[in-house]
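Chemist: Here is my input, please return the structure:
(one chain, ligands or ions: 1)
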Amino acid sequence: MQSELYQGIVDSVVRGEARGSEVGKRIVLLASFIGGPRDMRRRYLDAITLVRTFGQLPQDRPDLTSRVFRAKLQDLKDQIIKKRIFGPVAAYVYVVEFQKQGLSHVHMLVILQNDYKINCVDMFDGFVSAEIPNKDSHPRLFGLVIKHMMHGPCGTLNRNNSCMIGGRCKSHYPRQFSEYYVQGLDGYPIYQRRDDSRTINVQNAELSSQWVVHYNPYLLYRYDCHINVETLVDEIKEFQDARWVSAQESMWRIYEFDLNEMSPAGKIWIERKQRKVIGRVNAASPVEGERYYLRLLLLHVRGPSSFNYLLTFNNQIYFTFKEASQSRGLLECDRRNFECLNEATTFQMPYALRRLFATILTYCEPANVQNLWDSFYKHFSEDFTRHETNDDLDVLFETLHSFDFFL
Ligand SMILES: [Zn+2]
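Modeler: Below you'll find the model as predicted:
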């Protein structure tokens, strides 16, 4: 604010002018005014440009997606098992699947206690919906169904959609309209899907309720992601089958949150890309036991589809990831230790590398310590070589001495 303008305000106040709009002269805040509207808008645009430039997809950020996924899964279990949103649970089972490309998802089967089984038509309607909601009475639900629960378009509208096999949609869309819930012959119910002429435009196609994937309104609200809920009936038992896929939207929110917090956006983002890698490796110290071996398997087993897949080798299922790693020959100690250290050298500080080497010495029983030492000594001692007065022997002593902290 310039002094003559300030003087203008003083003059106004002296004149008895108290209304802000009549005082002084309008000033537009510069974009350099941190936190001002122009600054915020610029940061928003920077953020969007960065995401576009780097072209990151959720699957490029497993560090983030896995955490969001886990949080949502924990909450889903909590809702179904502890809070009993479908009724008291007699048994449940779920399988988490990691896709090679795309997002992880979970298949969950919930069997309700006898007295609470879903066995009348009205109950089905309360649990599962397969219609486009009323836009006026339920605008948010309407938006969520558009965002997450519309299948396709496929079939005659788009013959190249990924669900098309042999000219037909493998998920049987578009489904038939039905005034009421009907028990299908194959055990799969036909849900109420009334023809109310509501349509939603998806990829330039007008889609009716025939294209809605079954959802539970409460869960859709709660998780804001694709969550397919179905009831299934056979002669013996009735159960709930929920399939859940975490959404890109959760990733977007995290990106934006981080970019705003770590402003200015541009340079910091690139640094964060590097930092992310450190985070991944920190999580893979052998001292962490099963978690370490799980990561080992994930690194070496191609196209894993489930935990059981990772635990299975040559048709035998192992009880621990360590045993499974052993059966696959992944624990040939020195090669593993070498890889572990080698990977860490690309982004770990010497101090962290020494700690890792100490961990390996303590827990991994390397056969050829000398070889590891020789291979990575340069990295272990790097910070001590920076002192110009240190000769080679000083560096060696300081490096060796520093291991006292860990061993
Ligand atoms: Zn389809």
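
Chemist: C-alpha from now on. contacts and neighbour counts both.
Modeler: Will do.

Chemist: give me the number of residues near Glu168?
Modeler: Rather than Glu, residue 168 is Arg. Number of residues near Arg168 (other C-alpha atoms under 10 Å) recorded here: 14.

Chemist: Distance of the spatially closest residue to it that is not a sequence neighbour relative to Arg198?
Modeler: Excluding the flanking residues, the one nearest Arg168 by C-alpha to C-alpha, 6 or more residues apart in numbering is Gly155, at 6.3 Å. Distance, Gly155 to Arg198, using C-alpha to C-alpha, to the nearest Å: 20 Å.

Chemist: These two: which is more packed in?
Modeler: Gly155 (19 against 15).

Chemist: was I right about that one contacting Lys170?
Modeler: No. Counting by C-alpha atoms under 8 Å, Gly155 does not reach Lys170; the two are 10.0 Å apart.

Chemist: what is in contact with those two at once?
Modeler: Met164 (C-alpha atoms under 8 Å, 6 or more residues apart in numbering).

Chemist: Quick check: can you list the domain ranges of this structure?
Modeler: 1-30, 32-60+247-282, 61-244, 283-405 (automatic domain parsing).

Chemist: Compare the mean pLDDT across these and name the weakest.
Modeler: Least confident of these, judged by mean pLDDT, is domain 32-60+247-282 with a mean of 49.

Chemist: Just the closest residue of the stretch 101-250 of the chain to the ion, please.
Modeler: Cys169 (4.1 Å; C-alpha to the ion).

Chemist: count of neighbours near that residue?
Modeler: Cys169 has 19 nearby residues by other C-alpha under 10 Å.

Chemist: Same question for the one 10 residues further on.
Modeler: One way to gauge burial is a neighbour count; for Glu179, by other C-alpha under 10 Å, it gives 11.

Chemist: Repeat that for Asn314.
Modeler: Here the number of neighbours of Asn314 (other C-alpha under 10 Å) works out to 7.

Chemist: quick one: contacts for it?
Modeler: By C-alpha under 8 Å, 6+ apart, Asn314 has no neighbours at all.

Chemist: quick one: it from Phe86, how far?
Modeler: With C-alpha to C-alpha as the criterion, Asn314 and Phe86 are 40 Å apart.

Chemist: How about Phe69?
Modeler: Going from Phe69 to Phe86 by C-alpha to C-alpha gives 22 Å.

Chemist: Give me the more crowded residue out of the two.
Modeler: Remark: of Phe69 and Phe86, Phe69 carries more neighbours, 21 against 18, as counted by other C-alpha under 10 Å.

Chemist: Helix or strand for the more buried one, just tell me which one.
Modeler: Here Phe69, judged by DSSP states H and E, is contained in helix 62-77.

Chemist: which strands and helices sit next to that helix?
Modeler: helix 248-261 (3 or more C-alpha pairs under 8 Å, 6 or more residues apart in numbering; DSSP states H and E).

Chemist: The same query, at a cut-off of 6 Å, please.
Modeler: Helices and strands in packing contact with helix 62-77 are not found; criterion 3 or more C-alpha pairs under 6 Å, 6 or more residues apart in numbering; DSSP states H and E.

Chemist: Before I go, just wanted to say thanks for your time.
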